[in-house]
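J.: sequence and predicted model, in that order:
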Amino acid sequence: MQDAAPRLRSLVEQLLGAPLPLRVRAWDGSEAGPPSAPALVVRNRRALRRLLWKPGDLGLARAWVSGDLTVEGDLYTALDLLSGLVWERGPDARGLGAALRDPEVRAAVRGLVRMAGLPLPPAPPAEEVRRRRHLHTRRTDRRAISHHYDVGNDFYEIVLGPSMVYSCAYWQEGGTLEEAQRDKLELVCRKLALKPGQRLLDVGCGWGSMAVHAARDHGANVVGVTLSQEQAAFARKRVAEEGLTDKVEIRVQDYRDVTDGPYDAISSIGMAEHVGAERYLEYAEVLGRLLAPGGRLLNHQIARRPERDESSYSVNEFIDAYVFPDGELAPVGTTVTQLERAGFEVRDVEALREHYGLTLRRWVANLEAGWSRAARLTGAGRARVWRLYMAASAVAFERNQIGVNQILAVKTPAGSGASGMPLRARTWN
């Protein structure tokens, strides 16, 4: 009897206490749900075993990365529908524990166990990082950065395009990804008020895009630091091709080990998410010590919404295990507070949330267009990780679950109050 899909759909609805807005297609060819909706395709019984042994985000992630579970139809629509049902449920929504107290749900789960077959848990996909407490030592940070960034520059060229900028672009109507990334780098340089001959430290310099732009278009002398060997090799080659070796130095170095300040300006673009809550004040203080009096810091960072009880915050299991090991997000207010505690004067905060949704959709389109080559370069499992992570992140930005902000801060000289900022600061727009 081909009845796996209706049974699965019924169980999910019982657990959630709400209708499932997606179709379900099971390995036995059965389907259930709205015909016009995207389909959640459960390709084999192993997907059920993954979910039974690890209910929640991690079980779903393992099933997706291994190819046991996929979506047929528009992935964004599926994620948007699931987001409202699963990840944005109100405080009155029935949790798993409450659902399992219902005798009908318990009976359905027993049926699911029988349907799943052998009880042994499948091994996690090879792409999964062994999870650990977030220590943020130099060694663990280097290992986490290597997991995310050292997967091959050719792979990132497929996703990011020629700009090789892995952070939120700055869009105008009708612009290309490359134009929007160039405009973002120019926006950062203008906020920092870079002048020829000034020293810029680019923390987490990636593939060197900011360093090259600041040196070539603004005459700055730039030191870029990264923990990724592959990024550094790519960035150095790029600097040489631009004829900027006399103005740009790329180092494989932890920002905490930079000692050759003072710098006139510091850019930190999409790097602070790796720092961690326990280390954030140290991060801000280190950058403050490296800045000259009157120097500016541009901190470009993803932010989450604050929790009513901040002690209840936990890192998303999928992101931690497959994408950004040890990455942590903080509310923008917390980041501003930590920068001020370190002695900075925060002068401007600009939200770019919608810009990141647009950026991520372009990256996903690039990955899908180059899927065969991307899967050959990095493996199908890792390519699936990146597709899900970027598409889900796009939906999260669009639904205002997370945001991204550029914070401009100044190291105002002690006792003088002279920030060096113009009375009408937003001349960069």
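T.: Perfect, thanks for sending it. Numbering: from 1, shown residues only.
J.: so residue 244, which of the three states?
T.: Secondary structure state of residue 244, per DSSP: H, G, I helix; E, B strand; the rest coil, is coil.
J.: I'd assumed residue 217 was in contact with it.
T.: No. Between residue 244 and residue 217 there is no contact under CB atoms under 8 Å: 10.8 Å. Just so you know, the C-beta spots here come from the backbone N, C-alpha and C atoms, and that holds for glycine as well.
J.: and these two? which has more neighbours close in?
T.: The neighbour count for residue 244 versus residue 217, taken as other CB atoms under 10 Å, is higher for residue 244 (19 against 13).
J.: next, count neighbours for residue 414.
T.: Residue 414 has 8 neighbouring residues, counting by other CB under 10 Å.
J.: where's it relative to residue 152, distance?
T.: 47 Å (CB to CB, to the nearest Å).
J.: do residue 332 as well
T.: Distance of residue 332 to residue 152, computed by CB to CB: 33 Å.
J.: the more surrounded of these two?
T.: Higher neighbour count among residue 332 and residue 152: residue 332, with 20 against 14, using other CB under 10 Å.
J.: what's the burial count for the closest residue to the more buried one other than its chain neighbours?
T.: Spatial nearest neighbour of residue 332, excluding adjacent residues (CB to CB, 6 or more residues apart in numbering): residue 303 at 4.2 Å. If you count neighbours by other CB under 10 Å, residue 303 ends up with 22.
J.: please, where are all the strands along the chain?
T.: In the chain, the strands defined using DSSP state E lie at 23-25, 31-32, 39-42, 69-72, 199-203, 221-226, 248-252, 263-269, 291-304, 345-351, 402-410.
J.: for residue 53, find the nearest of these.
T.: Evaluated with CB to CB, the strands of the chain place strand 69-72 nearest to residue 53, the distance being 14.1 Å.
J.: longest helix in the chain, please.
T.: Taking DSSP state H as the criterion, the chain has its longest helix at helix 380-398.
J.: so that one versus strand 291-304, what angle?
T.: Interaxial angle, helix 380-398 versus strand 291-304 (axes from the mean of the first three to the mean of the last three CA atoms, to 10 degrees): 100 degrees.
J.: and the contacts of helix 380-398?
T.: Helix 380-398 is contacted from outside by 61, 64-67, 75-76, 79-80, 83, 125-127, 151, 159, 318-319, 322-323, 353-354, 356-357, 360-361, 363-364, 367-368, 371, 374-375, 402-404, using CB atoms under 8 Å, 6 or more residues apart in numbering.
J.: you'd agree residue 332 is up against residue 300?
T.: No. Under the criterion of CB under 8 Å, residue 332 makes no contact with residue 300, lying 11.6 Å away.
J.: overlap in contacts, these two.
T.: 405, 407.
J.: and the contacts of helix 380-398, which of them are buried?
T.: Among those, those classed as buried by 16 or more other CB atoms under 10 Å are 61, 64-66, 75-76, 79-80, 83, 125, 127, 151, 159, 318-319, 322-323, 353, 356-357, 360-361, 363-364, 367, 374-375, 403-404.
J.: which members of the residues you listed occur in helices, if any?
T.: Short answer: the buried ones among the contacts of helix 380-398 in helices (DSSP H) are 61, 64-66, 75-76, 79-80, 159, 318, 353, 356-357, 360-361, 363-364, 367, 374-375.
J.: quick revisit: relative to residue 157, how far out is the residue nearest to residue 332?
T.: Distance from residue 303 to residue 157, by CB to CB: 28 Å.
J.: wait, residue 304 sits on residue 331?
T.: Yes. When contacts are counted by CB under 8 Å, residue 304 is listed as touching residue 331 (6.2 Å).
J.: which one of those two has more residues nearby?
T.: residue 304 (19 against 16).
J.: got the contact list for the more buried one?
T.: Neighbouring residues of residue 304 by CB under 8 Å, 6+ apart: 313, 329-331, 401-403.
J.: reformat those as a markdown table; add pLDDT and distance to residue 348.
T.: Below are these laid out as a markdown table (pLDDT from 0 to 100; distance: CB to CB, whole Å):
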| residue | pLDDT | distance to residue 348 |
| --- | --- | --- |
| 313 | 81 | 27 |
| 329 | 93 | 21 |
| 330 | 95 | 18 |
| 331 | 96 | 18 |
| 401 | 94 | 24 |
| 402 | 96 | 20 |
| 403 | 98 | 15 |
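J.: burial of residue 274, as a residue count?
T.: Around residue 274 there are 20 residues (other CB under 10 Å).
J.: an error on my part: the question was meant for residue 124.
T.: 19.
J.: kindly report the same for residue 270.
T.: With other CB under 10 Å as criterion, residue 270 counts 16.
J.: any idea how far it is from residue 204?
T.: To residue 204, residue 270 is 7 Å away according to CB to CB.
J.: kindly report the same for residue 224.
T.: Distance of residue 224 to residue 204, computed by CB to CB: 9 Å.
J.: compare the two (neighbour count), which wins?
T.: The residue with more neighbours, out of residue 224 and residue 204, is residue 224; 30 against 26, by other CB under 10 Å.
J.: what bridges to that one?
T.: residue 202, residue 250 (DSSP bridges).
J.: confirm for me that it is in contact with residue 199.
T.: No. At 12.0 Å, residue 224 does not count as touching residue 199 under the criterion of CB under 8 Å.
J.: how about CSV for the strands of the chain, with distance to residue 419 added?
T.: Shown next, in CSV, are those (distance: least, CB to CB, whole Å):
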stretch, distance to residue 419
strand 23-25, 57
strand 31-32, 62
strand 39-42, 54
strand 69-72, 50
strand 199-203, 19
strand 221-226, 23
strand 248-252, 28
strand 263-269, 14
strand 291-304, 7
strand 345-351, 6
strand 402-410, 5
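J.: nearest to residue 181, out of these?
T.: Of the strands of the chain, nearest to residue 181 by CB to CB is strand 263-269, at 10.8 Å.
J.: so how far is the closest one off the chain centroid?
T.: 21 Å (CA atoms, centre = their mean, to the nearest Å).
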